[in-house]
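Q: What follows is a predicted protein model with its sequence.
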Amino acid sequence: MRSYDHLKRLDDTRIGLEMIVGASASLFDDRSLKTLAQGVLIQISALLEIETDGILIMRETGGADPLVLAGLGKFEADGENGIDRSGLFATAAAAGRPVRSDGLVCLFVKTGSGAEILVALATEDDLTETQAALVSVFSAKLAIAFDNARLYDELRLANEELEERVARRTQELAGANERLEAQGALLKRVNAFKNEILGTIAHDLKNPIAVILGRSEMMATLTESVEDPLRERFAKQVGHIRASAERMTRIVDMSIADALADALDISVERRPVDLAAIAATTAELSRMLAERKEQQLTIAADGPLAVEGDLDRLAEAIDNLVSNALKYTPLGGEVRVEAARLDGQARVTVSDSGPGLNSQDTARLFGRFQRLSAQPTAGESSTGLGLSIVAKIVELHQGEIVVEEKGPLGGASFSILIPLLEMR
């Protein structure tokens, strides 16, 4: 009889182990905590070969209130059915094995993540040693299964959140693209309007300049009838007028072309020129303006200074510097234009006796539409574009600009440095 009983216990253990293997596979397939909990109750009932009511309760890490995940029989309909969840957790955890409490057989399992699980079965019989051993083996698998289910739930929630964020971000990007398309259409309209305005400005500027050129030709003819010694003086002034009008015509043409093209596409016509002669001629054109403000304009050109560049562009840069110096120098002040050789470079320096520059002026000196702290001394207008044009022209000639806040005359000093042309 003892041998039979031993063999039967071994046979029951084998059958139970087969059920554990099958139960483990199905438990690992479950992907939801509540679905897994329901399957656990069913598998334990089958494992123990009993049909009984049961409940599975889980308590999260940190001692939060226990949560009922699944129930069988009366527990499925009535939930906790009046059981003391906290008391059962304490009793089962202290026993460390399946234990009977309040008419329930309780199994306590702690998962690797720290969560606590309590399985309570409403059965009147205590578990046999074989059943207890099978339940212990099953418990190890149960803890892993619950951790996997929890991780899957967290992954599912994270994936749902990610999908929601992607959808929201996609919607935001779609809205941003719509706004960009609207702004692009607006920019096209603005650009078309700009081209129209620039065309009008070019036409309106060229007409009066053409008149000035025509009148200068007439005046040149009339000077032939003027008696000496005034004839030479008149001829010189008329020549200045004609040269300034011709240069203004070229500047208008180039400025309009540059405005209609991208700034990076601006080009210069390079050829050998004498920077000293350009500086002297350009500065001389401003002498009448200096005389009207009772200013002393000194020109010292130590030439020739052969460089490779665009005559009109370089003249425009120097003219902007001289005009600025005259504009901000007080009545009776001094402006000096010097052209000389310096360490393999041609240098043109424009200095004045005006108020000079401060640190704020220096920081925004070459920006577009930037006005300096000093004010024109005779009510002249200022667009804030002159120095930015100078900087661009010098850059196109691979040169540099050196600025002194207080130069040799006490005011600002600007020096243009252009590489000298290597003579062969």
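A: On my side now, so go ahead.
Q: so who does the nearest residue to Val350 once chain neighbours are set aside touch?
A: Once flanking residues are discounted, Val350 sits nearest to Leu321: 4.2 Å by CB to CB, 6 or more residues apart in numbering. Yep, even glycine has a C-beta here, placed from its N, CA and C like the rest. When contacts are counted by CB atoms under 8 Å, 6 or more residues apart in numbering, Leu321 is found next to Val350, Val390, Phe414, Ile416.
Q: Only the buried residues of whichever strand or helix holds the third one, if you could.
A: This means Phe414. If you go by DSSP states H and E, Phe414 is part of strand 413-419. The neighbour-count check on strand 413-419 (16 or more other CB atoms under 10 Å) flags Ser413, Phe414, Ser415, Ile416, Leu417, Ile418 as buried.
Q: what's the neighbour count on the closest residue to the first one other than its chain neighbours?
A: It refers to Ser413. Sequence neighbours aside, Gly407 is the residue nearest to Ser413 in space, at 2.5 Å (criterion: CB to CB, 6+ apart). Number of residues near Gly407 (other CB atoms under 10 Å) recorded here: 22.
Q: Mind jotting down where the helices sit in the stretch 151-300 of the chain?
A: 230-260, 275-284, 287-292 (DSSP state H, counting those that start in this stretch).
Q: got those helices as JSON lines, with distance to Ala182 columns?
A: Compiled in JSON lines, the helices of the stretch 151-300 of the chain are given as follows (distance: least, CB to CB, whole Å):
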{"stretch": "helix 230-260", "distance to Ala182": "24"}
{"stretch": "helix 275-284", "distance to Ala182": "47"}
{"stretch": "helix 287-292", "distance to Ala182": "48"}
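Q: So which of those helices is nearest Gly386?
A: For Gly386, the closest of the helices of the stretch 151-300 of the chain is helix 230-260, at 12.0 Å, according to CB to CB.
Q: Now do the closest one: which elements does it pack against?
A: helix 129-223, helix 311-328 (3 or more CB pairs under 8 Å, 6 or more residues apart in numbering; DSSP states H and E).
Q: Comparing the ones you listed, which comes out most buried?
A: Using mean count of other CB atoms under 10 Å, the stretch among the helices and strands packed on helix 230-260 with the largest mean neighbour count is helix 311-328, at a mean of 24.
Q: Report the inter-axis angle for it versus strand 413-419.
A: Interaxial angle of helix 311-328 relative to strand 413-419 (axes from the mean of the first three to the mean of the last three CA atoms, to 10 degrees): 170 degrees.
Q: In the protein, which residue is most central in space?
A: The centroid of the chain falls nearest to Ala176 when counting by CA atoms, centre = their mean (14.8 Å).
Q: Tell me which residues touch that residue, please.
A: Ala176 sits in contact with no residue, where contact means CB under 8 Å, 6+ apart.
Q: what residues go with each domain of this structure?
A: The record's domain parsing of the chain by automatic domain parsing lists 2-161, 267-419.
Q: and Thr111, how many neighbours does it have?
A: 19.
Q: ok, it touching Ala149?
A: No. The pair Thr111 and Ala149 fails to qualify as a contact (CB atoms under 8 Å) at a distance of 9.9 Å.
Q: that older thread, which pLDDT value does the model give the residue nearest to the centre of the chain?
A: For Ala176, the model assigns a pLDDT of 88.
Q: could I get the buried residues of strand 413-419 as JSON lines with pLDDT and distance to Arg271?
A: Below are the buried residues of strand 413-419 laid out as JSON lines (pLDDT from 0 to 100; distance: CB to CB, whole Å):
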{"residue": "Ser413", "pLDDT": "92", "distance to Arg271": "29"}
{"residue": "Phe414", "pLDDT": "93", "distance to Arg271": "25"}
{"residue": "Ser415", "pLDDT": "94", "distance to Arg271": "23"}
{"residue": "Ile416", "pLDDT": "94", "distance to Arg271": "18"}
{"residue": "Leu417", "pLDDT": "94", "distance to Arg271": "20"}
{"residue": "Ile418", "pLDDT": "94", "distance to Arg271": "14"}
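Q: Which member of the residues you listed is positioned nearest Thr298?
A: Among the buried residues of strand 413-419, and counting by CB to CB, the member closest to Thr298 is Ser413, at 13.5 Å.
Q: Quick check: the residue nearest to Ser413 touching Ser353?
A: No. Using CB under 8 Å, Gly407 is not in contact with Ser353, being 9.0 Å away.
Q: What residues are bridge-paired with Ala306?
A: Counting by DSSP bridges, Ala306 is bridged to Asp274.
Q: again but with Glu338, I slipped
A: Beta-bridge pairing for Glu338 (DSSP bridges): Ala300, Thr349.
Q: Enumerate every residue touching it.
A: Ala300, Ala301, Asp302, Arg347, Val348, Thr349, Ser351.
Q: ok, now with 10 Å
A: 276, 279, 283, 298-302, 347-351, 408, 413, 415 (CB atoms under 10 Å, 6 or more residues apart in numbering).
Q: okay, it: pLDDT?
A: 95.
Q: roughly how far apart are it and Gly184?
A: The spacing between Glu338 and Gly184, counted by CB to CB, to the nearest Å, is 49 Å.
Q: any idea how far Cys106 is from Thr130?
A: Taken as CB to CB, the span from Thr130 to Cys106 is 19 Å.
Q: Among the domains of the chain, show the one with the smallest mean pLDDT.
A: Lowest mean pLDDT within the domains of the chain: domain 2-161, a mean of 70.
Q: Determine how far the last residue of that one lies from the first.
A: This stretch, domain 2-161, spans 62 Å end to end (CA to CA, to the nearest Å).
Q: circling back to that earlier point, of all the helices of the stretch 151-300 of the chain, which one is nearest Lys327?
A: Across these, Lys327 has its closest neighbour in helix 287-292 (9.0 Å, CB to CB).
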